[in-house]
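[1] Okay, sequence plus prediction incoming.
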Amino acid sequence: MSVCSDNPDEFDKMYQTVYKPLARFLYSHPDFKFTFSFTGPQLLYYKKKRNEFLTIIKELVERNQVEILGGGFYAPVLPLLFPVDRNTQIDMLSTEIRQTVGKRPRGITMFADIWDSSLVNNLQTCGIEYALLDSNSIPENKRNFLYNIMQDLGKTVEIFPYYNEFVPSGDTPCDYFDKSITKAVEKAEKQDDYFQINPDKIVIISMNYKTLSQLVENKWFEKFADYLKNTPDTRLKTGIIDEYRKNQNIKIPAYIPTAMNKVLDSWCGYLVRNRNKSSFQNTVYNFMEVYPACRNLYNRITYMTILINQYKNDKMRKKAAREKLLEAQSGNALLCTYNGPFTNTKHRQNAYRSLITAEKFLKEDGKFTESISRFDYTNDGLNEYICRMQDYFAYISLLGGAVQELDVMKNCGNYADNLSRVFEYDGVEDGYNRGILVDHLFNADQFERYINGEAAGDGVFSRIYYKDIKFSANRKELCLSAEAEYKPTHQKVSLRKKYIFTSSGLSVQYILKNESQNPLKLKFAVESNFADVSFESEKINYFNIEVAEPEQVHLLDAKKSTQQLNHSSKLKNVEAIRLTDSFKGVSFGFEPNEQCGYFYTPIIFHRPDYYTNQLTTTAATFVSTLFWDIDIESGKETEKTINFTITSLKKSKPVT
């Protein structure tokens with residue numbers, strides 16, 4: 001049995017509904033053998049809260065009735081980690097298992113069966129002798145109900161396939177279960193050359209929590225144990241993997257370069273809009289291309305790994321930071337195979353908070369210097385601009401010239417962790433990356449559609465790549481430029497965008513120039529999107545919003561769009577805006593150099609649960625847009641400046 005959840009409440013639920021009755025059954029049926037797989041946090045929880053369960057498991061292990069498999073301590077996606085982190089995760093869980101049950105694991109499970117041939121070296125280094133993978137990852141001509149051996153660069157590891165097609169349900173008759181397995185094995189024996197040498201086959205069945213709870217509830221294991229006892233002619237018997245290895249030494253050579261389970265593979269094509277469909281086998285990297293929020297978290301994990309590895313000042317701080325990094329590497333946060341990749345907002349933000357804590361450990365040694373740097377942070381072949389300040393971390397992307405990550409060092413999360421709307425679920429397609437300080441050009445009709453929540457047109461600058469025209473790390477300045485054509489009127493327009501980074505935020509200066517021969521009369525809009533970093537179980541934490549006009553301050557209803565106010569005389573002469581996440585104690589301020597219009601709307605994302613296909617609330621983004629009417633003569637330009645500040649406040653109860 002394996003689990004994906006990392007929620008302590010789920011751990012206790014699993015204990016009550018599955019582990020407790022299953023342990024009772026195994027203890028009273030000494031001939032029935034079983035294999036368990038636990039995560040590190042799960043073991044720590046049971047050691048603290050349910051130690052009696054682990055005491056029974058230890059006794060079952062000692063009498064060779066139960067085997068415990070290893071893995072990564074925080075259930076990470078091992079192929080995505082640096083080699084040293086792979087080894088650390090595996091060794092941490094192996095040590096915890098040995099200390100808990102008195103025997104270290106020989107085998108390992110892979111999160112979502114994500115495999116890479118480079119893992120062979122890591123497994124051998126960590127003393128792991130075999131790995132379990134979905135049978136669909138094994139070449140079809142190698143599926144002989146024996147086990148495989150794989151070599152890579154002179155090192156070997158054994159591969160045991162497990163077969164999902166034989167997983168029973170709570171009402172599966174035991175004789176039918178027996179016949180289906182026996183029939184498949186006998187069919188395979190007719191086509192292989194190993195029957196005379198090795199007549200004993202091994203059929204491993206992996207069961208998740210949902211399946212096991214049904215089997216336990218229907219007392220299926222008791223029925224199966226009675227069936228085995230009263231059916232002397234059956235070929236079936238229960239066993240543990242390590243015991244089979246000691247008795248049967250025939251291994252089928254097989255080379256498996258990459259793999260992941262069928263469920264994850266199907267998610268790569270789950271969105272109808274997916275343009276990455278291919279006849280080739282998908283990999284975890286294809287998955288992250290389909291789900292950019294997952295890829296962005298992976299980029300942050302990789303960056304923090306490099307920072308921690310390069311840190312030389314304080315060994316204790318480095319160790320503490322590394323522990324939080326390992327925690328952030330959870331596969332649930334990165335991919336979330338529990339109910340689908342749409343449902344992992346909470347897990348993802350928890351990972352960002354762990355990474356923020358790791359970075360705080362490094363910064364608090366008194367030697368940290370605020371800086372901006374330029375390199376390929378996202379590994380897309382283009383430079384990004386990394387801003388590391390004492391109180392926040394951010395990066396600017398050339399795509400849209402916008403802030404695509406904003407981590408507030410108050411253990412808040414990534415406020416730029418936004419989804420984009422897709423037609424299949426939202427009825428409208430954004431077509432651009434929602435970030436902070438995203439630039440748009442609209443005519444009156446397009447802008448009306450924009451505040452109505454409809455597809456508003458291309459927005460011009462929100463969808464193109466800017467050019468780096470000046471970068472100064474010493475002065476903490478970045479100048480970008482973009483040239484485009486406003487298609488409805490075929491007018492050429494250019495935009496220079498200058499960022500100045502400070503400890504409390506940043507300022508951005510816009511110089512918009514009409515490069516055409518006719519006057520340019522449009523609306524220039526600067527959109528900022530803030531994710532709800534406290535989102536949990538469909539509960540939305542709305543911000544408090546204050547908008548200042550001359551001699552008047554508006555307290556907006558954060559649950560509603562300002563569309564009606566925009567059609568009235570209000571929110572046209574705005575001088576300052578403040579959005580406050582009172583639950584996290586952080587305020588974001590916008591101060592334009594001249595009065596502007598202001599538009600706000602919440603976007604609540606509804607995405608399908610993978611297993612039920614029912615739409616559920618999975619994330620929320622709060623759109624805050626400053627806009628101006630512009631009228632620029634040919635060859636002329638206009639200038640706008642926005643000061644963006646981040647302020648820490650006292651926490652209070654959230655608005656729900």
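    Yep, it's here.

[2] in the stretch 101-250 of the chain, which spans are helices?
    119-125, 174-189, 209-217, 220-230, 241-247 (DSSP state H, counting those that start in this stretch).

[3] May I see the buried residues of the longest one?
    Within helix 174-189, the residues that qualify as buried are 174, 177-178, 181, 184-185, 188-189, counting by 16 or more other Cβ atoms under 10 Å. Every C-beta, even on glycine, is put in place using the N, C-alpha and C of the backbone.

[4] now these in a markdown table, with pLDDT?
    Putting the buried residues of helix 174-189 into a markdown table (pLDDT from 0 to 100) gives the following:
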| residue | pLDDT |
| --- | --- |
| 174 | 96 |
| 177 | 96 |
| 178 | 96 |
| 181 | 95 |
| 184 | 93 |
| 185 | 90 |
| 188 | 85 |
| 189 | 82 |
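
[5] Out of these, which comes closest to residue 588?
    Distance to residue 588 across the buried residues of helix 174-189 (Cβ to Cβ) is lowest for residue 177, with 58.2 Å.

[6] wouldn't that closest one be in contact with residue 167 here?
    No. Using Cβ atoms under 8 Å, residue 177 is not in contact with residue 167; the gap is 9.7 Å.

[7] thinking again about what came up before, could the helices of the stretch 101-250 of the chain be laid out in JSON lines, adding distance to residue 515?
    Output for those, formatted as JSON lines (distance: least, Cβ to Cβ, whole Å):
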{"stretch": "helix 119-125", "distance to residue 515": "54"}
{"stretch": "helix 174-189", "distance to residue 515": "70"}
{"stretch": "helix 209-217", "distance to residue 515": "60"}
{"stretch": "helix 220-230", "distance to residue 515": "73"}
{"stretch": "helix 241-247", "distance to residue 515": "69"}
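
[8] how about residue 538, what does it touch?
    By Cβ atoms under 8 Å, 6 or more residues apart in numbering, the contact set of residue 538 is 616-618.

[9] Who wins on neighbours among these?
    residue 618 (23 neighbours; other Cβ atoms under 10 Å).

[10] Is that residue in a helix, a strand, or coil?
    Under the three-state scheme (DSSP: H, G, I helix; E, B strand; the rest coil), residue 618 adopts strand.

[11] mind listing the strands for the stretch 251-400 of the chain?
    251-253, 258-259, 371-375, 384-388, 392-396 (DSSP state E, counting those that start in this stretch).

[12] Parallel or antiparallel, list what pairs with the third one.
    It refers to strand 371-375. Strand 371-375 has these partner strands in its sheet, going by DSSP bridges: strand 384-388 (antiparallel).

[13] residues in contact with the strand it pairs with?
    303, 370-378, 393-398, 404, 471, 476, 478, 499, 501, 506.

[14] Please indicate which of these are buried?
    Counted by 16+ other Cβ under 10 Å, the contacts of strand 384-388 give 303, 372, 377-378, 393-398, 404, 471, 476, 478, 499, 501, 506 as buried.

[15] Among those, which ones are in helices?
    residue 303 (DSSP state H).

[16] about what we covered before: of all the helices of the stretch 101-250 of the chain, which one is nearest residue 75?
    Proximity to residue 75 (Cβ to Cβ) singles out helix 209-217 among the helices of the stretch 101-250 of the chain, at 13.6 Å.

[17] Mind checking the pLDDT average for the closest one?
    Taken as a whole, helix 209-217 has an average pLDDT of 93.

[18] Stretch 476-496 now?
    94.

[19] before we move on, what about stretch 620-633?
    Mean predicted lDDT for stretch 620-633 stands at 96.

[20] gap between that stretch and the chain center?
    31 Å (Cα atoms, centre = their mean, to the nearest Å).

[21] Go through it and flag the buried ones.
    Neighbour-count burial for stretch 620-633 [16+ other Cβ under 10 Å]: 620-628, 630, 632.

[22] Could you do stretch 160-176 as well?
    Buried-residue list, stretch 160-176, by 16+ other Cβ under 10 Å: 160-163, 166, 168, 172, 174.

[23] Out of those residues, name the ones that lie in strands.
    Among the buried residues of stretch 160-176, the residues falling in strands (DSSP state E) are 160-162.

[24] Just want the most central residue of this structure.
    residue 334 (2.6 Å; Cα atoms, centre = their mean).

[25] Phi, psi for residue 602 please.
    phi -90, psi 140 (degrees, to the nearest 10).

[26] My guess is residue 505 contacts residue 643. True?
    Yes. Here residue 505 lies in contact with residue 643, judged by Cβ under 8 Å, at a distance of 7.1 Å.

[27] higher neighbour count, those two?
    Neighbour count, other Cβ under 10 Å: between residue 505 and residue 643, residue 505 has more, with 20 against 17.

[28] Can you tell me the closest non-neighbouring residue to the more buried one?
    residue 645 (4.0 Å; Cβ to Cβ, 6 or more residues apart in numbering).

[29] In a helix, that neighbour, correct?
    No. Secondary structure assignment (three-state DSSP) places residue 645 in strand, not in a helix.

[30] State the distance from it to residue 408.
    Distance, residue 645 to residue 408, by Cβ to Cβ, to the nearest Å: 12 Å.

[31] per-residue pLDDT, residue 316?
    Value listed for residue 316 in the pLDDT field: 95.

[32] And residue 169, by the same measure?
    At residue 169, pLDDT is 92.

[33] which regions of this structure lie under the pLDDT threshold?
    1-7, 192-199, 269-280, 336-342, 537, 610-611, 651-656 (pLDDT under 70).

[34] Kindly recompute the last result at 80.
    Under the criterion pLDDT under 80, the flagged ranges of the chain are 1-9, 191-199, 249, 266-281, 336-344, 456-457, 536-538, 609-613, 650-656.

[35] Which of the helices or strands spans the nearest residue in space to residue 126 that is not next to it in sequence?
    In space, residue 126 comes closest to residue 90 once its chain neighbours are excluded; the distance is 4.4 Å by Cβ to Cβ, 6+ apart. Using DSSP states H and E, the element containing residue 90 is helix 83-101.

[36] again with residue 548
    Here residue 548 is assigned to strand 544-549, by DSSP H and E.

[37] and the next element down the chain from that strand?
    Next element after strand 544-549 (DSSP H and E): strand 552-556.

[38] Name the strands paired with that following strand and say parallel or antiparallel.
    strand 544-549 (antiparallel).

[39] Need the contact partners of the strand it pairs with.
    Counting by Cβ under 8 Å, 6+ apart, 553-556, 558, 570-580, 582, 598, 600, 624, 655 sit against strand 544-549.

[40] now, the most widely separated pair of the buried residues of stretch 620-633?
    Using Cβ to Cβ, the buried residues of stretch 620-633 span at most 36.3 Å, a distance reached by 620 and 632.

[41] Residue 473: neighbour count?
    Quick note: residue 473 (other Cβ under 10 Å) scores 12 neighbours.

[42] Nearest residue to it in space, ignoring adjacent ones along the chain?
    That would be residue 372: by Cβ to Cβ, 6+ apart, it lies 5.7 Å from residue 473.

[43] Show the contacting residues for that neighbour.
    385-388, 473, 476, 478, 501.

[44] So what sits opposite it in the bridge?
    Under the criterion used (DSSP bridges), residue 372 bridges to residue 387.
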